[in-house]
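> Pasting a predicted model and its sequence here:
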Amino acid sequence: LQACVLPKVSPTESGSGLHIHMSLWNEENINLPFNHPDVQSFISGILHHLRAISAVTCPSVSSYNRLSPNTLSGAYAVWGFDNKECAVRVPINHNGGESLHWELKTSDCTQNIYLGLGVILAAGMDGIKEEMKMPKECTGNPHDIKDEAGIVHLPKSLEEAIKAFKDDKVISGSMPEELRTSFVATREHEWNMWHDKDQTDTYFQMY
(Lines give C-alpha, C1' and ligand atoms only; values in the text may rest on other atoms or scores of the structure.)
Protein backbone atom coordinates (compact mmCIF):
# COMPACT_ATOMS: atom_id res chain seq x y z
CA LEU A 1 0.00 0.00 0.00
CA GLN A 2 1.45 3.35 -1.06
CA ALA A 3 -0.02 6.77 -0.34
CA CYS A 4 -0.13 9.27 -3.19
CA VAL A 5 -1.61 12.75 -3.51
CA LEU A 6 -1.64 12.70 -7.32
CA PRO A 7 -5.03 14.08 -8.47
CA LYS A 8 -5.43 11.39 -11.12
CA VAL A 9 -3.53 8.16 -10.64
CA SER A 10 -5.44 6.08 -13.17
CA PRO A 11 -7.32 7.33 -16.26
CA THR A 12 -10.08 4.80 -15.55
CA GLU A 13 -10.56 5.59 -11.85
CA SER A 14 -11.97 8.57 -9.99
CA GLY A 15 -9.58 11.36 -9.13
CA SER A 16 -8.57 12.66 -5.72
CA GLY A 17 -9.31 16.26 -4.76
CA LEU A 18 -8.90 18.50 -1.73
CA HIS A 19 -12.27 20.18 -1.30
CA ILE A 20 -12.07 23.38 0.73
CA HIS A 21 -15.02 24.22 3.00
CA MET A 22 -15.44 27.87 3.95
CA SER A 23 -17.71 30.12 5.96
CA LEU A 24 -17.79 33.85 6.62
CA TRP A 25 -18.00 35.34 10.12
CA ASN A 26 -18.51 38.95 11.20
CA GLU A 27 -16.76 40.90 13.95
CA GLU A 28 -19.35 39.71 16.47
CA ASN A 29 -18.30 36.10 15.76
CA ILE A 30 -21.59 35.35 14.00
CA ASN A 31 -21.55 32.85 11.13
CA LEU A 32 -23.11 34.70 8.21
CA PRO A 33 -25.79 32.81 6.24
CA PHE A 34 -25.62 32.15 2.52
CA ASN A 35 -28.12 34.90 1.69
CA HIS A 36 -25.99 37.61 3.33
CA PRO A 37 -24.72 40.13 0.72
CA ASP A 38 -21.09 39.76 1.82
CA VAL A 39 -21.25 35.97 1.54
CA GLN A 40 -22.72 36.17 -1.94
CA SER A 41 -20.15 38.74 -3.05
CA PHE A 42 -17.33 36.63 -1.57
CA ILE A 43 -18.45 33.55 -3.50
CA SER A 44 -18.96 35.66 -6.62
CA GLY A 45 -15.37 36.87 -6.35
CA ILE A 46 -14.12 33.30 -6.20
CA LEU A 47 -16.14 32.32 -9.27
CA HIS A 48 -15.05 35.46 -11.14
CA HIS A 49 -11.35 34.73 -10.55
CA LEU A 50 -11.51 30.92 -10.55
CA ARG A 51 -9.67 30.36 -13.83
CA ALA A 52 -6.66 32.13 -12.32
CA ILE A 53 -7.13 30.56 -8.89
CA SER A 54 -6.96 27.09 -10.44
CA ALA A 55 -3.28 27.61 -11.31
CA VAL A 56 -2.63 27.73 -7.55
CA THR A 57 -5.17 25.26 -6.19
CA CYS A 58 -4.66 22.80 -9.08
CA PRO A 59 -0.97 23.38 -9.87
CA SER A 60 0.16 20.10 -11.42
CA VAL A 61 -0.14 18.53 -14.87
CA SER A 62 -2.17 15.75 -13.28
CA SER A 63 -4.61 18.28 -11.84
CA TYR A 64 -6.15 18.76 -15.27
CA ASN A 65 -6.51 15.05 -15.86
CA ARG A 66 -8.86 15.14 -12.87
CA LEU A 67 -10.53 18.49 -13.61
CA SER A 68 -12.85 17.36 -16.37
CA PRO A 69 -16.64 17.27 -16.90
CA ASN A 70 -18.80 14.49 -15.45
CA THR A 71 -16.26 13.55 -12.79
CA LEU A 72 -17.70 15.51 -9.80
CA SER A 73 -14.51 17.61 -9.77
CA GLY A 74 -16.00 21.04 -10.54
CA ALA A 75 -14.80 21.71 -14.08
CA TYR A 76 -16.99 24.80 -14.58
CA ALA A 77 -16.94 28.11 -12.69
CA VAL A 78 -20.55 27.85 -11.53
CA TRP A 79 -22.33 27.24 -8.23
CA GLY A 80 -25.33 25.19 -7.15
CA PHE A 81 -27.13 23.83 -4.12
CA ASP A 82 -25.74 20.32 -3.46
CA ASN A 83 -24.64 20.18 -7.11
CA LYS A 84 -21.41 18.17 -7.14
CA GLU A 85 -20.60 19.05 -10.76
CA CYS A 86 -20.25 22.74 -9.83
CA ALA A 87 -16.97 24.26 -8.73
CA VAL A 88 -18.75 25.79 -5.73
CA ARG A 89 -21.23 23.54 -3.97
CA VAL A 90 -23.55 25.11 -1.39
CA PRO A 91 -24.84 22.37 0.94
CA ILE A 92 -28.53 22.44 1.78
CA ASN A 93 -29.20 23.03 5.47
CA HIS A 94 -31.43 20.06 6.30
CA ASN A 95 -32.23 21.57 9.70
CA GLY A 96 -33.94 24.48 7.99
CA GLY A 97 -32.67 27.98 7.32
CA GLU A 98 -29.87 29.19 5.12
CA SER A 99 -26.66 27.25 4.58
CA LEU A 100 -23.78 28.49 6.73
CA HIS A 101 -20.85 27.27 4.63
CA TRP A 102 -19.86 26.32 1.10
CA GLU A 103 -17.33 24.10 -0.65
CA LEU A 104 -14.77 24.78 -3.38
CA LYS A 105 -14.09 21.62 -5.37
CA THR A 106 -11.50 23.07 -7.78
CA SER A 107 -8.62 22.11 -5.53
CA ASP A 108 -6.26 19.18 -4.99
CA CYS A 109 -3.39 18.00 -2.79
CA THR A 110 -0.55 19.03 -5.12
CA GLN A 111 -1.02 22.65 -4.08
CA ASN A 112 0.73 24.67 -1.41
CA ILE A 113 -2.34 25.15 0.80
CA TYR A 114 -1.07 28.49 2.13
CA LEU A 115 -0.84 29.90 -1.38
CA GLY A 116 -4.19 28.34 -2.26
CA LEU A 117 -6.01 29.88 0.68
CA GLY A 118 -4.26 33.19 0.01
CA VAL A 119 -5.57 33.54 -3.54
CA ILE A 120 -9.05 32.35 -2.50
CA LEU A 121 -9.16 35.08 0.16
CA ALA A 122 -7.91 37.66 -2.36
CA ALA A 123 -10.67 36.69 -4.78
CA GLY A 124 -13.37 36.73 -2.13
CA MET A 125 -12.31 40.09 -0.74
CA ASP A 126 -12.25 41.51 -4.27
CA GLY A 127 -15.82 40.27 -4.66
CA ILE A 128 -16.87 42.11 -1.51
CA LYS A 129 -14.94 45.25 -2.49
CA GLU A 130 -16.55 45.35 -5.94
CA GLU A 131 -19.97 44.27 -4.56
CA MET A 132 -20.14 41.44 -7.10
CA LYS A 133 -23.54 39.85 -7.58
CA MET A 134 -24.11 36.10 -7.53
CA PRO A 135 -24.53 34.56 -10.98
CA LYS A 136 -27.53 32.37 -11.67
CA GLU A 137 -27.58 29.02 -9.88
CA CYS A 138 -26.68 25.99 -11.98
CA THR A 139 -29.37 23.41 -11.26
CA GLY A 140 -28.19 20.61 -13.57
CA ASN A 141 -25.02 19.30 -15.13
CA PRO A 142 -23.07 22.37 -16.37
CA HIS A 143 -21.52 20.28 -19.14
CA ASP A 144 -24.98 19.81 -20.66
CA ILE A 145 -25.49 23.59 -20.88
CA LYS A 146 -21.85 24.59 -21.44
CA ASP A 147 -22.71 26.83 -24.40
CA GLU A 148 -25.14 28.98 -22.42
CA ALA A 149 -24.15 32.46 -21.29
CA GLY A 150 -22.42 32.50 -17.93
CA ILE A 151 -21.10 28.91 -18.07
CA VAL A 152 -17.32 29.31 -17.85
CA HIS A 153 -15.15 26.23 -18.42
CA LEU A 154 -12.08 26.14 -16.22
CA PRO A 155 -8.63 25.64 -17.78
CA LYS A 156 -8.11 22.30 -19.49
CA SER A 157 -4.37 22.26 -18.86
CA LEU A 158 -1.78 23.66 -16.49
CA GLU A 159 -0.48 25.80 -19.34
CA GLU A 160 -3.89 27.42 -19.77
CA ALA A 161 -4.21 27.96 -16.02
CA ILE A 162 -0.80 29.65 -15.81
CA LYS A 163 -1.83 32.08 -18.54
CA ALA A 164 -5.07 32.88 -16.69
CA PHE A 165 -3.04 33.49 -13.53
CA LYS A 166 -0.68 35.88 -15.30
CA ASP A 167 -3.57 37.77 -16.89
CA ASP A 168 -5.52 38.19 -13.62
CA LYS A 169 -3.99 41.16 -11.82
CA VAL A 170 -5.98 40.60 -8.62
CA ILE A 171 -4.88 37.00 -8.17
CA SER A 172 -1.31 37.28 -9.43
CA GLY A 173 -1.00 40.63 -7.65
CA SER A 174 -1.93 39.04 -4.32
CA MET A 175 1.54 37.46 -4.23
CA PRO A 176 4.72 39.47 -3.64
CA GLU A 177 6.72 39.85 -6.84
CA GLU A 178 9.52 37.44 -5.87
CA LEU A 179 7.03 34.76 -4.83
CA ARG A 180 4.92 35.30 -7.95
CA THR A 181 7.96 34.98 -10.20
CA SER A 182 9.09 31.78 -8.47
CA PHE A 183 5.60 30.30 -8.55
CA VAL A 184 5.17 30.88 -12.28
CA ALA A 185 8.66 29.56 -13.02
CA THR A 186 8.08 26.30 -11.14
CA ARG A 187 4.66 25.75 -12.72
CA GLU A 188 6.00 26.41 -16.21
CA HIS A 189 8.88 24.02 -15.51
CA GLU A 190 6.45 21.28 -14.49
CA TRP A 191 4.37 21.84 -17.62
CA ASN A 192 7.40 21.77 -19.91
CA MET A 193 8.82 18.73 -18.14
CA TRP A 194 5.75 16.52 -17.96
CA HIS A 195 2.82 17.52 -20.19
CA ASP A 196 3.86 15.28 -23.09
CA LYS A 197 5.37 12.41 -21.07
CA ASP A 198 4.04 9.30 -19.41
CA GLN A 199 2.88 10.18 -15.89
CA THR A 200 2.55 6.73 -14.35
CA ASP A 201 6.01 5.98 -12.95
CA THR A 202 8.50 8.76 -12.18
CA TYR A 203 5.78 11.39 -12.01
CA PHE A 204 3.83 9.16 -9.64
CA GLN A 205 6.87 8.92 -7.34
CA MET A 206 7.09 12.72 -7.16
CA TYR A 207 3.72 12.88 -5.42
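Cool, got the structure. Worth saying up front: this structure is predicted, and the values here are computed from it rather than measured.

> Run a quick check on Ser44 versus Pro135, I expect a contact.
Yes: because the distance of 6.9 Å satisfies CB atoms under 8 Å, Ser44 is recorded as touching Pro135. For glycine as for every other residue, the C-beta is placed from the backbone atoms N, C-alpha and C.

> So which of those two has more stuff around it?
Ser44 (23 against 18; other CB atoms under 10 Å).

> Who are the contact partners of that one?
By CB atoms under 8 Å, 6 or more residues apart in numbering, the residues touching Ser44 are 127, 132-135.

> got a winner among these for most neighbours?
The residue in these with the most neighbours, by other CB under 10 Å, is Gly127 (25 neighbours).

> Distance check, the nearest residue to it once chain neighbours are set aside against Val90.
Take Gly127 and drop its neighbours on the chain: the residue closest to it by CB to CB, 6 or more residues apart in numbering is Gly45, 2.1 Å away. As judged by CB to CB, to the nearest Å, Gly45 and Val90 stand 15 Å apart.

> The two: who's more crowded?
Gly45 (24 against 20).

> that's a helix at the more buried one, yeah?
Yes: assignment of Gly45 by DSSP: H, G, I helix; E, B strand; the rest coil places it within a helix.

> could you pull out the helices for this structure?
Secondary structure of the chain (DSSP state H): helices at 37-48, 50-57, 63-66, 113-129, 158-167, 169-172, 177-194, 202-206.

> Out of those, which one sits most buried?
Most buried of the helices of the chain, by mean neighbour count (mean count of other CB atoms under 10 Å): helix 50-57, with a mean of 27.

> Show me the contact partners of that one.
By CB under 8 Å, 6+ apart, the list of residues contacting helix 50-57 reads 18, 20, 46, 63, 67, 77, 87, 104, 106-108, 111-112, 115-116, 118-120, 123, 152, 154-155, 158, 161-162, 164-165, 167-168, 170-172, 183, 187.
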